[in-house]
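Enquirer: I'll drop the sequence and a predicted model, then ask my questions.
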There are 2 protein chains.
Amino acid sequence: MPTIFDVAQAAGVGVGTVSRVLNDSPAVSDSTRSRVLAVISALDYRPSSLARGLSLGTSNIIGAVVPTVTHPSSMERLHGVLDELGGSGYDLALYQVEGEEQRSSRIRDIVRPDRCSAGLLVSLRATPDEIFLMVRAKRPVVAIDGYIEGLPGCHIDNVAGGRMATEHLLALGHRVIAFVGDVEDDLGFNPGAARFEGYRAALRGCHVPLRDDLIKTGPSCRERADQLTGHLFDLAEPPTGIVATSDTQAFGVMAAVRSRGMEVPTDVSVVGFDDLELAGHLGLTTVRQPLYESGVLGARMVLQQLDGHRDGLDVVELPLEVVVRETTAPPNNGSALYGA
Amino acid sequence: MPTIFDVAQAAGVGVGTVSRVLNDSPAVSDSTRSRVLAVISALDYRPSSLARGLSLGTSNIIGAVVPTVTHPSSMERLHGVLDELGGSGYDLALYQVEGEEQRSSRIRDIVRPDRCSAGLLVSLRATPDEIFLMVRAKRPVVAIDGYIEGLPGCHIDNVAGGRMATEHLLALGHRVIAFVGDVEDDLGFNPGAARFEGYRAALRGCHVPLRDDLIKTGPSCRERADQLTGHLFDLAEPPTGIVATSDTQAFGVMAAVRSRGMEVPTDVSVVGFDDLELAGHLGLTTVRQPLYESGVLGARMVLQQLDGHRDGLDVVELPLEVVVRETTAPPNNGSALYGA
DNA sequence: CGTGGCCCTGGAAGCGATTCCAGGCAGGTG
DNA sequence: CACCTGCCTGGAATCGCTTCCAGGGCCACG
């Protein structure tokens, strides 16, 4: 593996000159530059990123911290990040965090200049201590999907999203609308609570009373959705519409509905959240949030800061949109139109 | 940010001694060791991985090359990799490749000692040139899901898998079985062709003639599945069972079936492949392959080689299993049992 | 023709670790 | 008491790059 010294020798110049060619310094004559360039390609020389990093005091790695990589929405975002980082010369290091402690230690990692030159926090929150750490490190860190005080990033209005999903059902005439989701709000950042807020607000806006028995919150989508959805249909007045906090949960809800011999949307309408690729395949009506785009945007913001541009420091709110497909329809029982 | 020199000064020792403590060298007296350790934790010192890497001639990064990160099965595997790498001290760099060219350049990257200390090839093939590159680099590279000549790794028997899926339907009494999938075999490694082999073999084994009109191959699961599945039901003798090359495709098939007012499994049985988490939620009968486990195993093999163990160099074949859920049943029309 | 200034260039000093080598000290032995 | 043997230890050299500094060559000007 050739070093800069080998190149310098072969080209008959000093290492400084080779370095200057490598870094596009204008202080190199054209003839020298082309001679060096020729040797570089002849030797297939590529500078050691390790040595370069040590000298420069920073690596060429962007660290992404993600709660659970298997969650499809995280993957969509990461996909965007990877695409945007593509030709930038930066590599993406992936850190998965599962508990409080891990997150803290990972954040400590990504702000260390010998580990990462910048960081991306995906669907995550941070404690004041952690924020202090990041700000003090003066290192570009961008929050993708999650507002973190003092950090640039992008996020969505989850309250509005929950409201939009619910209002879609209300507009169709539904008045008995259940909410299925995870509202546990640990520091891992769970948008379910905010979406539930939106659900409540929408109902209030239509003067539909909130019924506790229509609210099914469970630890996570990992549970068989039957357990969450099941009891809803044993109620005296079962729901005609269901708002789920995520597409994944909506899929579970649909399976549960069908396992009880009912039809979607004939017997009950279902709305999801995210608009995963699969939602399109399965015809799920859902609130679309720009997952892929959030990754692209976050990566771009980091890259801009790395380039020294002082823009790209904003906090951007991404748009939401209800995508109507085949899982929502007016309620079967027309009375709901005039009731409540 | 303290350096090894600061620690040495504060502890009243030389840098060599600090380094020895850091690397668990036995040639340090207990008293000195504990003194140094105390200073290290007092200063919250952590060695620069950049400097360490330059000195050692290699980074502490394991590079994973993955075709499309958004594919749920890749994510499951990566999840396993991340879990196994957790406390190892190695970071995971994620490289997404989309075309021929990208793959080649990424492979070139991961065998460079200044970039990665080892590599993981997920669901990928390699040209002889690329294999030569990796072998010559004498750097641990493991193939996860994909057999690559000369490289350790793990994979499954896709022919057997396709056969198992088909035989499951045959055992239930189906005789008109369609195949829906992507058999395009680019170098990005597509197991669909092998699974189709298995499908053919299973039919042959039961003396069921192969019917071209029952074979729907399309570019990918990204297409709306209706287009692949649709025409199947316009046939004079439509299928009573469908084998899909992946769970994702099976979901699309199911949606298409339902959109035509038919029921799964009453009117038609569907078998998938992979056993994604979602398959469990939606009750899909499928051929389970150990996705998560393949990641764990691959990572472990890499780690073992990095530790100098010369084991972990095998090529392992992972087991497959038909997971029967609610999308398969005997055909409605009993005649199939006695026909053909 | 002498000289100042501007390009361009070579090379040394750092970046922060590892590791090798030389040497100090203590203890055991003759 | 002298000497040898090990055990610990300090520090220099090294990894491959960037960057700063000094200096050589050339041109223009006086």
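Expert: Right, received. Where do you want to start? Residues are numbered from 1 along each chain as shown, chains lettered A, B, ... in the order given.

Enquirer: and the closest residue to chain B within the stretch 101-250 of chain A, which of the three is it?
Expert: Closest contact between the stretch 101-250 of chain A and chain B, by C-beta to the nearest C-beta, is at A:Asp114 (4.0 Å). Placement of C-beta: from N, CA and C, glycine included. Three-state assignment for A:Asp114 (DSSP: H, G, I helix; E, B strand; the rest coil): coil.

Enquirer: do you know how far it is from A:Thr248?
Expert: For A:Asp114, the distance to A:Thr248 (C-beta to C-beta, to the nearest Å) stands at 38 Å.

Enquirer: Between these two, point out the one with more neighbours.
Expert: A:Thr248 (25 against 21; other C-beta atoms under 10 Å in any protein chain shown).

Enquirer: so that one is in which element?
Expert: According to DSSP states H and E, A:Thr248 maps onto helix A:247-259.

Enquirer: Convert the next helix or strand after that helix to CSV, retaining C-alpha atoms only.
Expert: If you walk from helix A:247-259 toward the C-terminus, the next helix or strand you reach (DSSP H and E) is strand A:269-274. Taking only C-alpha atoms (Å, rounded to 0.1, in the frame of the first residue of the first chain), the coordinates of strand A:269-274 have been written out as CSV:
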residue,chain,number,x,y,z
SER,A,269,-62.2,1.8,9.0
VAL,A,270,-58.5,1.9,9.9
VAL,A,271,-56.0,4.7,9.6
GLY,A,272,-52.3,4.3,10.0
PHE,A,273,-49.3,6.7,10.4
ASP,A,274,-46.1,6.9,8.4
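
Enquirer: is strand A:269-274 anywhere near chain B?
Expert: No. Interface with chain B: strand A:269-274 contributes nothing (C-beta under 8 Å from any C-beta of the partner chain), its closest point being 12.8 Å away.

Enquirer: Let me see the mean pLDDT of that strand.
Expert: Per-residue confidence for strand A:269-274 averages out to 97 on the pLDDT scale.

Enquirer: That one relative to helix A:247-259, how many degrees between them?
Expert: An angle of 160 degrees separates the directions of strand A:269-274 and helix A:247-259 when computed by axes from the mean of the first three to the mean of the last three C-alpha atoms, to 10 degrees.

Enquirer: what residues does strand A:269-274 touch?
Expert: Taking C-beta atoms under 8 Å, 6 or more residues apart in numbering or on different chains as the criterion, the residues outside strand A:269-274 that touch it are A:72-73, A:161-162, A:165-166, A:168-169, A:172, A:174, A:195, A:240-251, A:253-254, A:257, A:264, A:279, A:284-289, A:291, A:322, A:327-329, A:331.

Enquirer: Cross the residues you listed against strands and list the overlap.
Expert: Of the positions in these, A:Gly241, A:Ile242, A:Val243, A:Ala244, A:Thr285, A:Thr286, A:Val287, A:Arg288, A:Val322 sit in strands, assigned by DSSP state E.

Enquirer: of those, buried ones?
Expert: A:Gly241, A:Ile242, A:Val243, A:Ala244, A:Thr285, A:Thr286, A:Val287, A:Arg288, A:Val322 (16 or more other C-beta atoms under 10 Å in any protein chain shown).

Enquirer: I'd say the third one and A:Tyr199 touch.
Expert: Read it as A:Val243. Yes. Taking contacts as C-beta atoms under 8 Å, A:Val243 lies within contact range of A:Tyr199: 5.7 Å.

Enquirer: what's the overlap in contacts for the two?
Expert: Overlap of the contact sets of A:Val243 and A:Tyr199 (by C-beta under 8 Å, 6+ apart) consists of A:Gly162, A:Ala165, A:Thr166, A:Ile177, A:Phe179.

Enquirer: now, which of those residues lie within helices?
Expert: The subset of the shared contacts of A:Val243 and A:Tyr199 located in helices under the criterion DSSP state H comprises A:Gly162, A:Ala165, A:Thr166.

Enquirer: mind putting those in CSV, pLDDT and neighbour count included?
Expert: Rendered in CSV, the data for these read as follows (pLDDT from 0 to 100; neighbours: other C-beta atoms under 10 Å in any protein chain shown):
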residue, pLDDT, neighbour count
A:Gly162, 98, 30
A:Ala165, 98, 31
A:Thr166, 98, 28
